[in-house]
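Novice: need coordinates for the below:
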Amino acid sequence: MVLTRTLSFEKAHNNSLKVGRVINYVNFILHDKTLKYPLLLAEVSSHEKTIIDFNVNIVQSLRMSMPLENMLATMAHAARRDKLSNRDWAEKAGVRPETVSRLKQRGDCDLATLTALAEAVDLRLALVPRLKMSSPKSFGREEEEKLLALCASRSLDLAKWREAGGGFFMAGVAVMLAGIRGVDRQALLAMSVALYPGMSAADTFRVWLKKSPLRPSRFLPMLEQRIQT
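Specialist: Below is the predicted model of the structure:
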């Protein structure tokens, strides 16, 4: 079960904003739990906020699972965006004021309460397909050469990365690249989340290292040499 934003794709898609700027803001929002939304609003236009909001929440909607703690964090983020205190949030949801703090301590919640809290901040509960942790069945010299060319180009074009391989595999490649010098680390990590939500988490990346036919100890020196030539 995950949370999705009740915002149409068309509304966000029809506004223009540089991809790099979106990626940077989305990554910042997703990883900075102390974010004060008014500070962000002071820096971007209403159109930009719409697109950033959409991208943040579409990432959340693609998560293959979301423990209660993460769901509450997502809802709390939306409440802060709407400038709601925990008491205001609970009142709007029609639950007791102490409900939010108790949920954080208990670690469980009935569906009716969770639904009410979500809807109070313009979110909804949804079921989505589980994402597969799959790697290429074959990864020979030809595939390696194509991937080297893509990585050496420093392209952050999400479409090109999706064409190059499965989401799980390519997201791991993006996280791997984020660890080397001279790259846009934040943009790569944000792209990894777009390719496979959760890949930037240490546990998920460890699974990738175990499943991947690509060996960083071989690939990274080859990539470094390719970039230098």
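Novice: which residue ranges form the strands in the protein?
Specialist: For the chain, the strands defined by DSSP state E occupy 2-5, 123-126.
Novice: least reliable of those going by mean pLDDT?
Specialist: With a mean of 44, strand 2-5 has the lowest mean pLDDT of the strands of the chain.
Novice: can you list the low-confidence ranges for this structure?
Specialist: Scanning the chain for pLDDT under 70 picks out 1-67, 107, 126-131.
Novice: ok, Ser212 to Thr115 distance?
Specialist: As defined by Cβ to Cβ, to the nearest Å, Ser212 lies at a distance of 38 Å from Thr115. Quick note: C-beta positions are derived from backbone N, CA and C, even for glycine.
Novice: so the two - more neighbours on which side?
Specialist: Between Ser212 and Thr115, counted using other Cβ atoms under 10 Å, the more crowded position is Ser212 (19 against 15).
Novice: which ones are touching the closest residue in space to the more buried one that isn't next to it in sequence?
Specialist: Among residues not flanking Ser212 along the chain, Ser135 sits closest, at 5.2 Å (Cβ to Cβ, 6 or more residues apart in numbering). The neighbours of Ser135, taking Cβ atoms under 8 Å, 6 or more residues apart in numbering as the test, are 166, 168-169, 208, 211-213.
Novice: redo that, cut-off 10 Å
Specialist: Shown in contact with Ser135 (Cβ atoms under 10 Å, 6 or more residues apart in numbering): 165-166, 168-169, 172, 207-208, 210-214.
Novice: can I get the buried part of those residues as one ChimeraX selection?
Specialist: Buried residues within those, by 16 or more other Cβ atoms under 10 Å, are selected in ChimeraX with:
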select :165,166,168,169,172,208,212,214
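Novice: okay, among the contacts of Ser135, which ones form the most distant pair?
Specialist: Taking Cβ to Cβ as the measure, these span a maximum distance of 17.1 Å, between Gly165 and Lys210.
Novice: can you map out the helices along this structure?
Specialist: Shown for the chain, the helices assigned by DSSP state H span residues 9-13, 19-31, 37-41, 46-61, 68-81, 86-93, 99-106, 111-120, 141-152, 158-164, 167-178, 185-195, 202-211, 216-228.
Novice: show me what contacts Ala90?
Specialist: Contacts for Ala90 (Cβ under 10 Å, 6+ apart) come out as 79, 84, 96-101, 113, 116-117, 120.
Novice: neighbour-wise, which one of the residues you listed leads?
Specialist: Highest neighbour count within the contacts of Ala90, by other Cβ under 10 Å: Leu117, with 27 neighbours.
Novice: could you save the contacts of Ala90 as JSON lines and add columns showing distance to Leu150?
Specialist: Supplementary listing: the contacts of Ala90 in JSON lines, determined by distance: Cβ to Cβ, whole Å:
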{"residue": "Ala79", "distance to Leu150": "40"}
{"residue": "Leu84", "distance to Leu150": "43"}
{"residue": "Arg96", "distance to Leu150": "53"}
{"residue": "Pro97", "distance to Leu150": "52"}
{"residue": "Glu98", "distance to Leu150": "52"}
{"residue": "Thr99", "distance to Leu150": "48"}
{"residue": "Val100", "distance to Leu150": "45"}
{"residue": "Ser101", "distance to Leu150": "47"}
{"residue": "Thr113", "distance to Leu150": "46"}
{"residue": "Ala116", "distance to Leu150": "46"}
{"residue": "Leu117", "distance to Leu150": "42"}
{"residue": "Ala120", "distance to Leu150": "43"}
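Novice: and which of those residues is nearest to Gly179?
Specialist: Ala79 (34.0 Å).
Novice: measure the spatially closest residue to Lys92 that is not a sequence neighbour to Met133 for me?
Specialist: Take Lys92 and drop its neighbours on the chain: the residue closest to it by Cβ to Cβ, 6+ apart is Ala120, 4.2 Å away. Remark: distance between Ala120 and Met133 (Cβ to Cβ) = 34 Å.
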